[in-house]
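just coords:
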């Protein structure tokens, strides 16, 4: 084994008291560095697995084609369904469909007479007046911005010739159970039944 100076690392001869390279005095034995061990052998690369051919199919049986991933088909189907839903909502809301906030039966109590009138806003945009168990269509309704518009039939008792087409401002209150209709001359509040 070789011996080395603990200060500068130079190789020194055995038995000397001073380093021949830096002059350091050895207090004890100089360092001993063991000889390197031989390198471990490198293992051979792993063998590639051998392909084993599947056994032949018996005669008379149809072979099934390999299964394909349906991910693209499912993704396309979902995209078509979402597109149809979006188109239906747009058509319903903006091209004549009824605003669902209004659909249903609303009651009005006349403060002068104390009589109660019921109006049914149908999802197809028709407007009925309800008396007892009878229902009579009196016209159509639609929403335009912040106004509720009525097209009343001239052949019913509820519309005079100047009232056939009218739009009024609307607002909801009490969590959507009260509907206030405001025109230039009056204000009426309906309650959802």
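Thanks, I have the structure now. Everything numeric in this text was worked out from a predicted model, so none of it was measured.

Quick check: phi and psi at the residue most central in space within the chain.
Nearest to the mean C-alpha position of the chain, by CA atoms, centre = their mean, lies residue 82 at 11.3 Å. When read as degrees, to the nearest 10, the backbone of residue 82 gives phi -60, psi -40.

Residue 71 versus that one, what's the distance?
Distance, residue 82 to residue 71, by CB to CB, to the nearest Å: 17 Å. No exception for glycine: its C-beta is placed from N, CA and C like everyone else's.

Strands of this structure, start to end?
2-4, 11-12, 31-33, 104-109, 116-121, 126-131, 134-144, 147-152, 165-173, 178-182, 187-192 (DSSP state E).

can you give me how far the fourth one is from the chain middle?
I take that to be strand 104-109. What separates the centre of strand 104-109 from the centre of its chain is 37 Å, taken as CA atoms, centre = their mean, to the nearest Å.

So which elements touch that strand?
With contacts taken as 3 or more CB pairs under 8 Å, 6 or more residues apart in numbering; DSSP states H and E, strand 104-109 sits against strand 116-121, strand 187-192.

which secondary structure elements does the first one contact?
Yep, that's strand 116-121 we're talking about. When contacts are defined as 3+ CB pairs under 8 Å, 6+ apart, strand 116-121 sits against strand 104-109, strand 126-131.

Give me the sheet partners of it and which way each runs.
Strand pairing for strand 116-121, using DSSP bridges, gives strand 104-109 (antiparallel), strand 126-131 (antiparallel).

Enumerate residues external to the last one that contact any of its residues.
If I follow you right, that is strand 126-131. Under the contact criterion CB atoms under 8 Å, 6 or more residues apart in numbering, strand 126-131 has outside partners 105, 117-122, 135-141, 150, 152, 158.

repeat that with 6 Å
118, 119, 120, 135, 136, 137, 138, 139, 140, 141 (CB atoms under 6 Å, 6 or more residues apart in numbering).

how close does the fourth one get to residue 120?
It refers to residue 135. Distance of residue 135 to residue 120, given as CB to CB: 6 Å.

Mind checking which of these two has more residues around it?
residue 120 (18 against 14; other CB atoms under 10 Å).

ok, and the closest non-adjacent residue to the more buried one?
Spatial nearest neighbour of residue 120, excluding adjacent residues (CB to CB, 6 or more residues apart in numbering): residue 128 at 4.2 Å.

can you pull the pLDDT of the one you found?
Note for residue 128: predicted pLDDT of 88.
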